[in-house]
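Trainee: Got a predicted model here, sequence first, then my questions.
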Amino acid sequence: MKRMIIACLLALTLLIPVTAYADRSPARPILYTYYCQMGWGDRVQIGYADSNGDLWALTGYDSELEWPGGREKQIRYLEEHEFEKIGTLDHDDLFDLESLVAVVKIDEAPVLPGANDAGSESTYAIQYGRDGNAVPVLLGMSGDDVYENPDPSAQGLYLAARRLFPYVTCYDGSIGPVGFIPVSLSEFCGLGDLSGASVKAYYMDCEAGPKERELSSDEQKAILDEVMNSWVTGKVSAVDTTGGYTDYYFYHRDEELGHISIYSGRLYHSDGMYSIDLPAENSANKN
């Protein structure tokens with residue numbers, strides 16, 4: 001199935017192209033996070049993912065590592081110093097990660113004071129301009145400094161960094177990013193009250209086009225129950241797709257109330273894919 005990144009046209013408009021897929025050598029950093037404790041010691045923890053999907057780690061003391069303060073110097077440090085390889089993303093996970101990096105937006109919200117001598121954690125995505133120069137995008141900070149980029153792609157990348165590099169100290173709540181606040185699927189998609197609605201489903205084949213799925217009354221009720229009790233929990237990809245998803249349309253009599261698209265258990269939205277929490281009996285929507 002052919003797939004493309006939603007952000008390609010946006011990136012061209014912004015003169016920031018997506019990461020090149022044809023040539024992945026040499027690999028370049030695309031996401032990094034670090035923690036520095038300077039109040040009660042000089043502990044440093046660093047993790048980054050590169051454009052090959054490899055994950056790298058380095059921990060130690062600043063007196064030895066000499067981790068720099070400026071972002072340009074930090075990116076150069078990632079490229080020039082020896083790190084320990086701790087894993088590799090599979091193709092789909094890397095594809096999703098790079099799609100978010102390509103579209104994430106710079107936000108000018110102020111950095112606020114947080115704790116006192118807790119140390120500071122910072123996380124960045126790295127885009128690359130036509131000239132090859134790195135464009136770091138701040139995603140979040142926690143600890144002594146607090147910052148959160150509210151862009152859904154930024155929130156997805158910040159969460160990805162926390163999962164990929166759990167050993168890098170970070171803080172939640174009042175001294176760290178809040179993250180994507182779960183919202184009901186109905187509210188997120190503007191569906192309104194679906195009680196008693198009928199459902200039509202169309203599977204979108206990338207070559208043959210839409211094909212209607214026949215739904216029994218029990219299947220329609222099960223789908224409505226899932227939709228009305230499901231929550232959108234965050235953005236996981238900016239990938240677009242030409243098929244492989246199912247459109248569900250909801251009606252009261254002949255009035256259309258709205259529709260949703262589901263792709264491999266994810267909500268396929270206008271700006272990419274979002275994770276959703278479904279009830280235990282979730283077979284009806286997994287297409």
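Mentor: Nice, thanks for sending it over. Numbers count the residues shown, from 1 in each chain.
Trainee: wait, D277 sits on P182?
Mentor: Yes. If you go by C-beta atoms under 8 Å, D277 and P182 touch, sitting 7.5 Å apart. Using the backbone N, CA and C atoms, a C-beta is placed for each residue, glycine as well.
Trainee: which residues are common contacts for the two?
Mentor: Residues touching both D277 and P182 (C-beta atoms under 8 Å, 6 or more residues apart in numbering): 231, 233.
Trainee: Strands along the stretch 51-200 of the chain, start to end?
Mentor: Along the stretch 51-200 of the chain, counting by DSSP state E, counting those that start in this stretch, strands occupy 54-61, 84-88, 112-113, 120-128, 134-143, 145-148, 183-184, 198-205.
Trainee: what's the fourth one packed up against?
Mentor: Where contact means 3 or more C-beta pairs under 8 Å, 6 or more residues apart in numbering; DSSP states H and E, strand 120-128 is packed against strand 29-37, helix 91-103, strand 134-143, helix 152-164.
Trainee: Quick one: residues contacting P152.
Mentor: 180, 234-235, 271, 274.
Trainee: Need the nearest residue in space to L78, chain neighbours excluded.
Mentor: Nearest non-adjacent residue to L78, counting by C-beta to C-beta, 6 or more residues apart in numbering: P29, 4.5 Å away.
Trainee: How much space separates the one you found from V101?
Mentor: Applying C-beta to C-beta, to the nearest Å, the value for P29 to V101 is 10 Å.
Trainee: Which neighbours do these two have in common?
Mentor: Common contact partners of P29 and V101 (C-beta under 8 Å, 6+ apart): I126.
Trainee: V101 touches L157, doesn't it?
Mentor: Yes. Between V101 and L157 there is a contact at 6.8 Å, judged by C-beta under 8 Å.
Trainee: and stretch 233-240, how far out from the chain's middle?
Mentor: In this view, stretch 233-240 has its centroid 6 Å away from the chain centroid, taken as C-alpha atoms, centre = their mean, to the nearest Å.
Trainee: what does stretch 218-235 give?
Mentor: Centre-to-centre, stretch 218-235 and its host chain are 22 Å apart (C-alpha atoms, centre = their mean).
Trainee: Could you do stretch 263-277 as well?
Mentor: Its chain's average C-alpha position is 11 Å from that of stretch 263-277, according to C-alpha atoms, centre = their mean.
Trainee: which residues touch L215?
Mentor: L215 makes contact with 199-201, 223, according to C-beta under 8 Å, 6+ apart.
Trainee: Look at it and give its secondary structure.
Mentor: Here L215 is recorded as coil under DSSP: H, G, I helix; E, B strand; the rest coil.
Trainee: Can you give me the pLDDT of it?
Mentor: pLDDT recorded at L215 is 96.
Trainee: From S186, how far off is it?
Mentor: Distance from L215 to S186, by C-beta to C-beta: 19 Å.
Trainee: again, but for M38
Mentor: Between M38 and S186 the computed distance is 47 Å (C-beta to C-beta).
Trainee: ok, the two, which is more surrounded?
Mentor: S186 (21 against 13; other C-beta atoms under 10 Å).
Trainee: Is the residue nearest to L78 in contact with I46, as I believe?
Mentor: No. With contact defined as C-beta under 8 Å, P29 does not reach I46; the gap is 10.6 Å.
Trainee: what sits in contact with each of the two?
Mentor: In terms of C-beta under 8 Å, 6+ apart, P29 and I46 are both contacted by the residues L78.
Trainee: Which residues are in contact with the residue nearest to L78?
Mentor: So P29 contacts 48-51, 75, 78-79, 126, 134 (C-beta under 8 Å, 6+ apart).
Trainee: residue farthest from the centroid of this structure?
Mentor: R253 (37.7 Å; C-alpha atoms, centre = their mean).
Trainee: So for the nearest residue to K200 once chain neighbours are set aside, what pLDDT did the model give?
Mentor: Take K200 and drop its neighbours on the chain: the residue closest to it by C-beta to C-beta, 6+ apart is Y249, 4.6 Å away. pLDDT recorded at Y249 is 97.
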